[in-house]
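Asks: Predicted coordinates and the sequence they were generated for:
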Amino acid sequence: MPKPSTVFVCRECGGESLRWAGQCPHCQAWNTLEEFTVRKEAGRPRGVEKPRARPQPITEIPADGAPRLVLEWGELNRVLGGGVVPGSLVLVGGEPGVGKSTLLMHLAAQAARSQRSVLYATGEESAQQVRLRAERLDALEPGLLLLAENDLDAILDAVAAIAPGILVVDSIQTVFDPGLEAAAGSVSQVRESTGRLMRMAKESGLPVLLVGHVTKEGAIAGPRVLEHMVDTVLYLEGERRLDFRILRATKNRFGATDEIGIFAMGDDGLHEVEDPSAVLLAEMSKSAPGTAVVPVLEGTRPLLVEIQSLLSSNEGVMLRRTANGIDMNRLHMILAVVEKRGNINLAQKDVFVNVAGGIRITETAADLGLALTIASNVRNAPLPDGTVAIGELGLAGEVRRVAQMERRLSEAARRGFTRAIIPRGAVSGAAGPLRTVEVRDLAEAIASEFPRHIESGVAS
Ligand code: TYD
Ligand code: MG
């Protein structure tokens with residue numbers, strides 16, 4: 001057997017170095033290099049002899065192979081890009097306790113009910129613990145096979161023996177390849193184990209779902225290469241305090257990456273939430289100062305979310321800007337535009353922003369709504385009842401058009417909103433049942449929404 005050679009792999013970027021160094025030469029991170037033993041013998045699953053592939057004209061390649069497995073939950077199918085793709089390797093990441101094992105148990109039960117046998121390998125919990133959870137979830141299906149094992153060879157042997165329709169590995173950090181000396185959860189182990197599962201998935205067409213833990217910084221533990229290796233990366237997020245859980249695709253070789261699935265956690269596990277706007281709206285405060293409703297698009301679906309802001313006086317030198325659900329840089333930019341173009345003095349104000357329901361807004365279409373919540377605070381007046389705001393803010397204070405205006409407006413109308421503040425010229429013709437207020441810039445929007453109130457805290 002050839003002598004195994006050693007490289008050093010960066011935990012952050014996955015870059016390789018031949019020598020150890022305190023700083024990664026690729027991404028400049030400190031103290032992130034870990035020793036990685038390169039195995040020279042082929043790490044191919046045992047007993048599988050793969051014929052050499054030959055080049056073929058692209059026109060003769062069959063368009064699609066085996067069909068996707070469509071699950072019971074539309075919310076899951078949408079994020080996966082239409083179901084579970086044969087031979088795909090899917091990584092499901094999330095913080096401890098967010099519900100990854102619960103979600104995959106639901107998925108496994110649904111697959112088992114549609115006549116696909118499932119092998120659920122758990123290195124995290126005992127088979128009894130997993131069974132207890134499955135009882136709560138109504139997931140006791142005979143086609144669902146449990147294997148409490150973290151030895152990768154044993155898992156691959158079981159796959160070869162029972163030929164399941166789906167493999168779940170919970171979690172990739174607890175799996176170890178006995179051919180490597182490194183500890184379970186180390187970069188070498190996570191990378192090598194994922195590589196072997198990947199080859200097995202591609203060669204056999206078996207879909208594999210991996211649970212991945214998330215580090216304090218929010219990345220899936222193990223090198224970033226893990227995310228490069230797999231076909232699909234899904235993150236399950238949500239505030240533990242709230243019931244909502246959002247499954248977000250950040251990478252998907254088989255579908256769009258901006259899709260989300262929404263679930264709610266209850267005593268009997270997760271339920272899909274097909275109409276999240278209804279749930280979010282039910283919790284909304286009725287036209288309080290400092291709030292605005294914005295129809296944002298999450299993937300292909302419009303979602304009505306409530307943005308709240310609060311200003312409080314701060315005579316000190318350190319101003320606080322806190323945001324939940326909005327990108328911090330975006331908030332700083334919008335506050336600067338509100339100060340300069342909206343003539344609102346925030347020099348001695350702390351600003352707190354929150355997006356209700358634990359939703360994270362990734363769209364600039366919410367800019368105008370957020371800016372109006374700040375103005376609403378300063379004027380101490382709510383936006384008129386039944387109003388939504390849609391528009392991106394430019395640095396000059398201009399309100400810009402955003403994509404899919406009709407979809408946003410019709411969702412707002414469907415939910416009983418009657419009025420929309422929108423960029424000038426954003427809709428041609430009628431905007432359905434909604435009355436629209438077209439604005440060119442932020443100053444115009446503020447003047448239109450808060451006309452009769454005495455201006456306080458206004459600069460110049
Ligand atoms: P789990 O799926 O074990 O999380 P992860 O695998 O991401 O670490 O879910 C753990 C949490 O979910 C736990 O705090 C309890 C809660 N939970 C419920 O509220 N209801 C349920 O039916 C189940 C199974 C879990
Ligand atoms: Mg778990």
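Replies: That came in fine, so what should we check first? Ligands and ions are numbered 1, 2, ... in the order given.

Asks: Buried residues, the helix ranked longest in the chain. List them.
Replies: For the chain, the helix with the greatest residue count under DSSP state H is helix 187-204. Buried positions in helix 187-204, judged by neighbour count with 16 or more other CB atoms under 10 Å: 187-201, 204. The way it works is simple: take the backbone N, C-alpha and C, and place the C-beta from them, glycine included.

Asks: packing partners for that helix?
Replies: If you count contacts as 3 or more CB pairs under 8 Å, 6 or more residues apart in numbering; DSSP states H and E, helix 187-204 packs onto strand 5-10, strand 33-38, strand 89-94, helix 152-162, strand 166-170, strand 208-213, helix 225-229.

Asks: Contacts for the second one next, please.
Replies: The contact list for strand 33-38 (CB atoms under 8 Å, 6 or more residues apart in numbering) reads 4-11, 16-17, 20-21, 24, 180-182, 186-188, 191.

Asks: Repeat the analysis, applying 7 Å as the threshold.
Replies: The contact list for strand 33-38 (CB atoms under 7 Å, 6 or more residues apart in numbering) reads 4-11, 17, 20-21, 24, 180-182, 186-188.

Asks: Put the buried members of these into a ChimeraX selection.
Replies: Those of these that count as buried under 16+ other CB under 10 Å are selected in ChimeraX with:
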select :7,8,9,10,11,17,24,180,182,186,187,188
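
Asks: Tell me where the stretch 251-400 of the chain has helices.
Replies: Taking DSSP state H, counting those that start in this stretch as the criterion, the stretch 251-400 of the chain carries its helices at 276-282, 328-341, 367-379.

Asks: Return the distance of the longest helix of the chain from the chain's centre.
Replies: Helix 187-204 sits 23 Å away from the centroid of its parent chain (CA atoms, centre = their mean, to the nearest Å).

Asks: How about the contacts made by residue 261?
Replies: 75-76, 78-79, 247.

Asks: and of the buried residues of helix 187-204, the nearest to ligand 1?
Replies: The shortest approach to ligand 1 among the buried residues of helix 187-204 belongs to residue 190, at 17.1 Å (CB to the nearest ligand atom).

Asks: Where does the prediction get shaky in the stretch 1-150 of the chain?
Replies: The stretch 1-150 of the chain contains residues with pLDDT under 70 at 1-4, 38-51, 64-66.

Asks: Near ligand 1, which residues of it? Just list them.
Replies: Counting by CB under 6 Å from any ligand atom, the stretch 1-150 of the chain comes close to ligand 1 at 94, 96-102, 133, 136.

Asks: sorry, back to before: residue 432: which of the helices and strands packed on helix 187-204 is closest?
Replies: strand 89-94 (38.2 Å; CB to CB).

Asks: and after the closest one, which helix or strand comes next?
Replies: Under the assignment DSSP states H and E, the closest C-terminal helix or strand after strand 89-94 is helix 100-113.

Asks: CA-only coordinates of that next one in PDB, if you can.
Replies: What follows is helix 100-113, C-alpha atoms only, in PDB (Å, rounded to 0.1, in the frame of the first residue of the first chain):
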ATOM      1  CA  LYS A 100     -33.400  18.900  11.100                       C
ATOM      2  CA  SER A 101     -33.900  15.400  12.400                       C
ATOM      3  CA  THR A 102     -37.600  16.000  12.700                       C
ATOM      4  CA  LEU A 103     -37.900  17.300   9.100                       C
ATOM      5  CA  LEU A 104     -35.900  14.400   7.700                       C
ATOM      6  CA  MET A 105     -38.000  11.900   9.600                       C
ATOM      7  CA  HIS A 106     -41.100  13.400   8.000                       C
ATOM      8  CA  LEU A 107     -39.500  13.200   4.700                       C
ATOM      9  CA  ALA A 108     -38.400   9.600   5.300                       C
ATOM     10  CA  ALA A 109     -42.000   8.600   6.300                       C
ATOM     11  CA  GLN A 110     -43.400  10.200   3.200                       C
ATOM     12  CA  ALA A 111     -41.000   8.400   1.000                       C
ATOM     13  CA  ALA A 112     -41.700   5.200   2.700                       C
ATOM     14  CA  ARG A 113     -45.500   5.700   2.200                       C
END
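
Asks: If you tally nearby residues, what's the number for residue 55?
Replies: Per other CB atoms under 10 Å, the neighbour tally for residue 55 reads 5.

Asks: Sticking with it, tell me its helix or strand.
Replies: Residue 55 belongs to no helix or strand, assigned by DSSP H and E.

Asks: Give me the distance between it and residue 138.
Replies: 49 Å (CB to CB, to the nearest Å).

Asks: Out of the helices and strands packed on helix 187-204, flag the one nearest residue 342.
Replies: strand 89-94 (38.3 Å).

Asks: Neighbouring strands of that closest one in the sheet, and parallel or not?
Replies: The pairing partners recorded for strand 89-94 under DSSP bridges are strand 208-213 (parallel), strand 232-237 (parallel).

Asks: residue contacts, the nearest residue to residue 182 once chain neighbours are set aside?
Replies: In this structure, residue 182 finds its nearest non-sequential neighbour in residue 188, 4.0 Å apart by CB to CB, 6 or more residues apart in numbering. Residue 188 makes contacts with 34, 36-37, 180, 182, as judged by CB under 7 Å, 6+ apart.

Asks: hang on, the earlier thing: now for the residues of the stretch 1-150 of the chain next to ligand 1, which sits with the most neighbours around it?
Replies: Within these, residue 100 tops the neighbour count with 27 neighbours, counted by other CB under 10 Å.

Asks: so how far is residue 443 from that one?
Replies: According to CB to CB, residue 100 stands 47 Å off from residue 443.

Asks: Take the helices and strands packed on helix 187-204 and write them to a markdown table, including distance to residue 417.
Replies: A markdown table is the format used below for those (distance: least, CB to CB, whole Å):
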| stretch | distance to residue 417 |
| --- | --- |
| strand 5-10 | 49 |
| strand 33-38 | 53 |
| strand 89-94 | 33 |
| helix 152-162 | 52 |
| strand 166-170 | 42 |
| strand 208-213 | 39 |
| helix 225-229 | 39 |
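
Asks: For residue 144, which of the ones you listed is the nearest?
Replies: Distance to residue 144, taken as CB to CB, is lowest for strand 166-170 among the helices and strands packed on helix 187-204, at 9.5 Å.
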